[in-house]
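*Asks:* Provide a 3D model corresponding to the input given below.
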Amino acid sequence: METTARPVVRVSFQVEIELEFDSFKGKTADQFAENVEDDMMDALTEMRPEILGVYSTMIDVTTINCD
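*Replies:* Residues are numbered from 1 along each chain as shown. Have a look, this model is predicted:
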């Protein structure tokens, strides 16, 4: 029995997010960014059950005014 391929769309975004960051909470900026990335992935898949996969690449993590 043959199955018909379902149509799929691939959408690419570049997202830049600025968040308040407290370096005294025990995480580095990179660790904090990884947690935010995981949260973003979870939120997307919860909002859109038709998502087949979410792939991301962290490009840069920069701290601002973190003395």
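*Asks:* drop to CA atoms for contacts and neighbour counts, all remaining ones
*Replies:* Fine.
*Asks:* what about the protein, any weak spots by pLDDT?
*Replies:* Counting by pLDDT under 70, the low-confidence segments of the chain come to 67.
*Asks:* helix or strand: which one has the nearest residue to I51 once chain neighbours are set aside?
*Replies:* Spatially, and ignoring its direct neighbours in sequence, I51 is nearest to T45 (6.2 Å; C-alpha to C-alpha, 6 or more residues apart in numbering). Assigned by DSSP states H and E, T45 belongs to helix 29-47.
*Asks:* quick check: buried residues in that helix?
*Replies:* Buried residues in helix 29-47, counted by 16 or more other C-alpha atoms under 10 Å: 32-33.
*Asks:* how about residues contacting that helix?
*Replies:* 21, 23, 51, 54, 61-63 (C-alpha atoms under 8 Å, 6 or more residues apart in numbering).
*Asks:* can you select the buried ones among the residues you listed for me in ChimeraX?
*Replies:* What follows is the ChimeraX syntax for the buried subset of the contacts of helix 29-47, where burial is set by 16+ other C-alpha under 10 Å:
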select :21
